[in-house]
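# Using only what follows, build the 3D model:
(2 chains)
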Amino acid sequence: MIQRPRGTADRLPDAAPAWRAVIEAFERECGLRGFQPISTPTIERTELFTRTTGAATDIVQKEMYSFDDRGGDALTLRAEGTAPVVRAYLQNGMHNLPQPVKLCYVVSVFRYDRPQAGRYREHHQIGAEALGDESPAVDAELIDLLWSTYRALGLHDLRLELNSLGDADTRPAYRQALVDYFTPLADRLDHESRARLSTNPLRILDSKHPDTARLCEGAPRPIEYLGGPARAHFQELRSLLGALEIPFQINHRLVRGLDYYNRTVFEFVPPGEGAQRTVGGGGRYDDLAELLGGARVPGVGFGSGIERILLGLERLERMPDGAPSVAAYVAPLTAAALPEALRTARRLRQAGVAAACGFSAASPRSHLRRANGMQARAAILIGARELERGMVAVKPLDGGRQEEVPRDRAAAAVRAIVQAAP
RNA sequence: GUGGGCGUAGCUCAACUGGUUAGAGCGUCUGGUUGUGGCCCAGAAGGCUGGGGGUUCAAGUCCCCUCGCUCACCCCA
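Predicted structure coming up:
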């Protein structure tokens, strides 16, 4: 049998309540802050990601779903959430809107990787970006947005880690300092890190390799190399987070895996050890728009994996569930009653009452079993007797007394039953 | 890309050291006589034991390959 591609998932109905809860919580928090939804294509020109994410990053080097389409264009399935939004901002002239432009989205992200706990080839992210303003208050609001979303869901034990990477003008000096520090120690670095010494030295810092990690303790820290403006920006952000009473912790080794970040970077991580820890993360990217050939547009944003949020809720046993069901089940007892059953179901729905209809004549027993199985609140029986009198029989399924009502009173009767015992 | 663990019904699991026709619970469906559900009872459907090859009189069981799932490295959300 044909099976789903590796690392993808079917999301079955019983997962819907939790999924919906996450998205609704996020959308609510976005709405409360004036973030507006944006949607961009699932496919983008490959160059969008290679130019921004960084040619030396693993995402670009080995994790992108890239292909040439029939016209020969090099395209890639969305590998990351931010670059497409920045592209859309530039392409649609959104710099003419009041700044900052605050946008939010829910998207699929695709990365070719060996699947494991919390890691999939297609995963889903909630994300938000604020473009056109470099105030640290914007950084603070974004962090607040994500933090508040977690809190609204009951995901209260994540630790916020924060760091500042400085600006492009001080990066070379810091990079050199790292190279100077690690080069004499190169033979004690793990393989990957040794290679990164020449390609992407900052990434050595978040290696989980024990020996490398130990060496990182004594490594120069990014904040020691911040320029004046970046230092002030970071200082102000920390102060604003304090004012918002959002606890955080400076992590001098937090660098993130995408090259476009400058100044603020942050991650939310669950307590304890374990792989795939980051639930959400982001940062500032004031140079990203220029990389795309646009004007300079400062920006800050985040992405958070929906699957990982769900993992966190599961860990805390706060997974939203609940069987979605209909209020009424309409039961045609004879073939002659079927048309009236369908009409009754429609009348209920037009009155806003969720109703399922039995699709073939069967015994009351059989229909009631079915109604009970789908946890309907009431059954509406229509047989020869009801047809003859233009009535329907409304039976509460919680043990209440059955009554016969005129056809056009069915919705009201169901409503009364639902309201009597919510 | 590298390494470990695991693949039996839709789900959770059985099947003594290789030995009849691979079972159970849950779930699903159908019944339990006149038009009344949940509980209970009965019955049914549902398996190429992931796939292929090998060893053997005999393979769910042993061996090889492969695919898949899973966990870790790596990477990140």
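# Please name the residues that touch A:Phe359.
For A:Phe359, the contacting residues are A:Leu338, by Cβ atoms under 8 Å, 6 or more residues apart in numbering. Any C-beta I mention is one placed from the backbone N, CA and C, and that applies to glycine too.
# roughly how far apart are the closest residue to A:Arg159 other than its chain neighbours and A:Ala384?
Once flanking residues are discounted, A:Arg159 sits nearest to A:Val269: 5.4 Å by Cβ to Cβ, 6 or more residues apart in numbering. Separation of A:Val269 from A:Ala384 (Cβ to Cβ, to the nearest Å): 66 Å.
# Tell me who's in contact with the residue nearest to A:Arg159.
Neighbours of A:Val269 in contact, by Cβ under 8 Å, 6+ apart: A:158-159, A:161, A:277-279.
# now do A:Leu313
A:18, A:153-155, A:319-320.
# let's see it at 10 Å
A:Leu313 is in contact with A:18, A:21-22, A:150, A:153-155, A:319-320, counting by Cβ atoms under 10 Å, 6 or more residues apart in numbering.
# Pop out the phi and psi values for the residue nearest to A:Arg159.
Main-chain torsions, A:Val269, degrees, to the nearest 10: phi -130, psi 140.
# Same question for A:Ala354.
According to degrees, to the nearest 10, A:Ala354 has phi -70, psi 130.
# and if you look at A:Leu32?
phi -70, psi -20.
# I figured it was touching A:Lys102, is that so?
No. In this structure, A:Leu32 is not within contact of A:Lys102 by Cβ atoms under 10 Å, at 11.5 Å.
# and these two? which has more neighbours close in?
Taking neighbours as other Cβ atoms under 10 Å, A:Leu32 and A:Lys102 compare with A:Lys102 leading, 24 against 10.
# Quick check: A:Ala88 vs A:Pro41, distance?
A:Ala88 is 9 Å from A:Pro41, by Cβ to Cβ.
# oh sorry, the question was meant for A:Ile246
In terms of Cβ to Cβ, A:Ile246 sits 34 Å off from A:Pro41.
# A:Ile23 sits in which helix or strand?
Assigned by DSSP states H and E, A:Ile23 belongs to helix A:16-33.
# quick check, stretch A:145-160 touching RNA strand B?
No. Stretch A:145-160 is not in contact with RNA strand B by Cβ under 7 Å from any atom of the strand; minimum separation 9.5 Å.
# ends of that stretch, how far apart?
Start and end residues of stretch A:145-160 are separated by 13 Å (Cα to Cα, to the nearest Å).
# ditto for stretch A:237-252
16 Å.
# tell me which residues of that stretch are tucked away?
Neighbour counts over stretch A:237-252 (16 or more other Cβ atoms under 10 Å) mark A:237-238, A:240-241, A:246, A:248, A:251-252 as buried.
# what's the farthest-apart pair in these?
By the measure Cβ to Cβ, A:Leu240 and A:His252 form the most distant pair in the buried residues of stretch A:237-252, at 20.4 Å.
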